[in-house]
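K.L.:
next come a sequence and a model predicted from it.
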Amino acid sequence: MTEDKDPEAAQTEERIVRLAFDGDVLRYREFLAKLKAGLPEGTGVALRGSVVTNKRWKDGKKFDAEGRGTSDLDVTLVGDKVMEFWNEGSFYIPGLHTKPLCDEDPSLAPGLNPLREELQKLVERPVNFQATANLILYARDVLFDEPYCMVIEAQKAS
């Protein structure tokens, strides 16, 4: 993991590795590398949900309460370029917040689905992608108490 993170972020990232990657830092780094390589330049990546808090929003149960691989990874992609992958009718808020790309609806962003499926094989659990603007990500954290962990910072595409 990275040494330049604040202690709380580092602790959250350690929890993510323990819960979703069975403590395997190398598999976590491979996950991040595949994301970075498969997404448009400059795309930020945040993990949200029970992998961050170890508590499901719906019922308060712990991550993987029903057994290994039963909890999903909610991957939020941040950036304008990545939002272009979603079909026109696949937004909750047009241009700002997409519907989740998941097993139930792989046609929302067909260009990203192969990457999502590859990541599912790596982590041996469901992976969902959702694209959003920084503003929406921040608002969900502050207004709705939906914390996240930024694992790849968004950059300006060159």
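P.N.:
All right, it came through fine.
K.L.:
for the chain, give me the ranges with low pLDDT.
P.N.:
For the chain, the stretches with pLDDT under 70 are 1-5, 135-145, 157-158.
K.L.:
the one residue sitting closest to the centre of the chain - nearest residue in space that isn't next to it in sequence?
P.N.:
In the chain, the C-alpha nearest the mean C-alpha coordinate belongs to residue 75, at 1.3 Å (C-alpha atoms, centre = their mean). Leaving out its chain neighbours, the residue that sits closest to residue 75 by C-beta to C-beta, 6 or more residues apart in numbering is residue 129, at 5.3 Å. Yep, even glycine has a C-beta here, placed from its N, CA and C like the rest.
K.L.:
so how far is residue 63 from that neighbour?
P.N.:
Distance, residue 129 to residue 63, by C-beta to C-beta, to the nearest Å: 19 Å.
K.L.:
residue 12 too?
P.N.:
13 Å.
K.L.:
repeat for residue 11
P.N.:
Going from residue 11 to residue 63 by C-beta to C-beta gives 15 Å.
K.L.:
okay, those two: which has more neighbours?
P.N.:
In terms of neighbours (other C-beta atoms under 10 Å), residue 63 is the more surrounded of residue 11 and residue 63; the figures are 22 against 12.
K.L.:
gap between that one and residue 55?
P.N.:
Residue 63 is 8 Å from residue 55, by C-beta to C-beta.
K.L.:
just the C-alphas of stretch 84-103, formatted as CSV.
P.N.:
Extracted in CSV, the C-alpha atoms of stretch 84-103 (Å, rounded to 0.1, in the frame of the first residue of the first chain):
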residue,chain,number,x,y,z
GLU,A,84,-19.0,8.1,-22.2
PHE,A,85,-19.0,4.3,-22.0
TRP,A,86,-22.6,4.2,-20.6
ASN,A,87,-25.5,4.1,-23.1
GLU,A,88,-27.6,7.3,-23.3
GLY,A,89,-30.5,6.0,-21.2
SER,A,90,-28.2,4.5,-18.5
PHE,A,91,-28.0,7.5,-16.2
TYR,A,92,-29.7,8.4,-12.9
ILE,A,93,-28.6,11.9,-13.5
PRO,A,94,-27.6,12.6,-17.1
GLY,A,95,-23.9,13.4,-17.4
LEU,A,96,-23.3,13.1,-13.7
HIS,A,97,-24.3,9.7,-12.3
THR,A,98,-24.8,6.4,-14.1
LYS,A,99,-26.8,3.2,-13.2
PRO,A,100,-24.6,0.4,-12.1
LEU,A,101,-23.0,-1.9,-14.6
CYS,A,102,-23.5,-5.4,-13.1
ASP,A,103,-24.3,-9.0,-14.0
